[in-house]
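Novice: Got a predicted model here, sequence first, then my questions.
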Amino acid sequence: MLREADMRFDAERDRRYTEVNIEREKALKIKEVADLKALDLAREIQIYKDEKANELREQINSERGLYVTKAEMEPIKTYVASQTGRVVGMDATVGRFVQLVTTIAAAVAIISAILITRH
């Protein structure tokens, strides 16, 4: 009876080992497929990145001639600086003129008041 129980135990153990080995092989096949798929995806991602980098490089190269250089900006900067100085000078002149007119108007008002009070 003990021998029969040992035989059943051994048979059950062998069956479980066999099942575990079968499942291990299935898992190994799944891992191999997953690894191959991961390599394919990595290759596709790298191709996509390379294409995008090439497109960006082409775009940058095509846009290079569209921007103004510092040397080309110099005449514009000179013109703006001269116009700014001119406007500031004109503002100062207008300010002085308004001040002069105000002073004259005040003097006329004072003189008029004095003349009116004497009569």
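Specialist: Sure, I can see it.
Novice: Regarding the protein, what is its longest helix?
Specialist: When the chain is scanned for its longest helix (criterion: DSSP state H), the result is helix 2-63.
Novice: downstream neighbour of that one in the secondary structure list?
Specialist: Remark: after helix 2-63, the chain's next helix or strand is helix 70-118, criterion DSSP states H and E.
Novice: how distant is that following helix from the center of its chain?
Specialist: The chain centre lies 46 Å from the centre of helix 70-118; the measure is CA atoms, centre = their mean, to the nearest Å.
Novice: cool, and stretch 39-53?
Specialist: The answer for stretch 39-53 is 23 Å, by CA atoms, centre = their mean.
Novice: again with stretch 53-60
Specialist: Distance of stretch 53-60 from its chain centroid, counting by CA atoms, centre = their mean, is 17 Å.
Novice: pLDDT of the longest helix of the chain, averaged?
Specialist: Averaging pLDDT along helix 2-63 yields 94.
Novice: how far does that helix sit from the chain's center?
Specialist: 38 Å.
Novice: In terms of secondary structure, what does that helix contact?
Specialist: Applying 3 or more CB pairs under 8 Å, 6 or more residues apart in numbering; DSSP states H and E, we find helix 2-63 packed against no helix or strand. Bear in mind the C-beta positions are built from the backbone N, C-alpha and C, glycine included.
Novice: Quickly list the domain ranges of the protein.
Specialist: Structurally, the chain divides into domains by automatic domain parsing as follows: 1-67, 68-119.
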